[in-house]
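# this is the structure alone, sequence omitted:
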């Protein structure tokens, strides 16, 4: 009975995400819901959320993959989760020499926070 | 290689959720990550996120299940999604007469928003 279909998310590295008004003020459109749900889903796994928080709380908001591997899973699993976070637009990555560095995308976080934000007021 | 195990979430209706400092300021513990990931996961589905926004944006922050069924899926699917949102602590529900009414849990939303909040500053 579902009329959902797979969509490609239009999120590119560096793109400013300007979505959406707080959920308490307006109903999400189907398009915006699809877009935002993908971001929430990316944080919907405990290991992925811990990796994300390790990057976000690292000095300078950036972490080498070598700094954030102590989450109790294998290195390939860490890489898999970091890829999912990157695909959802929550992290950007850059290879410098031997290592890949990850950085939080503040505009994406701000969009998620804003969507949930005013509900408490 | 995973050392995760299934845990029961200690969220009860009406409980004040006081978790956690912003991800940019401190690393999430394994326990907090498990707890918060369950909430993000609940919003990680487009239909569920739309239903949630319909409740949140409804006048008075409360909606009858009869008001929010126009999301293009069957009524049993709507009920399933509403149950998931309730289990994650994002909505509370109350039966009044024929209908069940859903209400957003502001403290849970505030906790999620706070976790993501300061990342943009």
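Arrived safely. Worth saying up front: this structure is predicted, and the values here are computed from it rather than measured.
# ranges for the helices of chain A?
Assigned by DSSP state H, chain A shows helices spanning A:30-42, A:46-57, A:75-87, A:106-117.
# tell me which residues of stretch A:65-82 come out buried.
Neighbour-count burial for stretch A:65-82, counted by 16 or more other Cβ atoms under 10 Å in any protein chain shown, picks out A:65, A:68, A:69, A:71, A:73, A:77, A:78, A:81, A:82. C-beta here means a position set from N, CA and C on the backbone, and glycine is covered the same way.
# do the same with stretch A:89-106
Under the neighbour-count criterion of 16+ other Cβ under 10 Å, stretch A:89-106 has A:89, A:90, A:91, A:92, A:93, A:100, A:101, A:102, A:103, A:104, A:105, A:106 buried.
# for stretch A:44-59, same thing?
A:44-58.
# could the buried residues of stretch A:65-82 go into CSV alongside pLDDT and distance to residue A:36?
Listed next are these as CSV, based on pLDDT from 0 to 100; distance: Cβ to Cβ, whole Å:
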residue, pLDDT, distance to residue A:36
A:65, 90, 27
A:68, 90, 25
A:69, 83, 29
A:71, 87, 25
A:73, 91, 27
A:77, 94, 26
A:78, 94, 25
A:81, 96, 20
A:82, 95, 21
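# ok, and which of these reach chain B?
Filtering those for proximity to chain B by Cβ under 8 Å from any Cβ of the partner chain leaves A:73, A:77.
# verify the contact between residue A:85 and residue A:51 for me.
Yes. Residue A:85 lies in contact with residue A:51 (Cβ atoms under 8 Å); the separation is 7.0 Å.
# spit out the contact partners of the residue positioned nearest the centre of chain A.
Centroid-nearest residue in chain A: residue A:90, 2.6 Å away (criterion: Cα atoms, centre = their mean). Taking Cβ atoms under 8 Å, 6 or more residues apart in numbering or on different chains, we find residue A:90 in contact with A:39, A:42, A:43, A:52, A:104, A:105, A:108, A:109.
# coming back round to it: what subset of the buried residues of stretch A:44-59 is also close to chain B?
Counting by Cβ under 8 Å from any Cβ, A:44, A:45, A:46, A:47, A:48, A:49, A:50, A:52, A:53, A:54, A:56, A:57 from the buried residues of stretch A:44-59 sit close to chain B.
# which among those gets closest to residue A:21?
When these are compared for distance to residue A:21 (Cβ to Cβ), residue A:44 wins out at 22.6 Å.
# the least confident helix or strand in chain A by mean pLDDT packs against which elements?
Sorting the helices and strands of chain A by mean pLDDT, DSSP states H and E puts helix A:106-117 at the bottom, at a mean of 86. Here helix A:106-117 touches helix A:30-42, helix B:106-117, going by 3 or more Cβ pairs under 8 Å, 6 or more residues apart in numbering or on different chains; DSSP states H and E.
# give me the low-pLDDT residue ranges for chain A?
By pLDDT under 70, the low-scoring segments of chain A are A:1-18, A:118-121.
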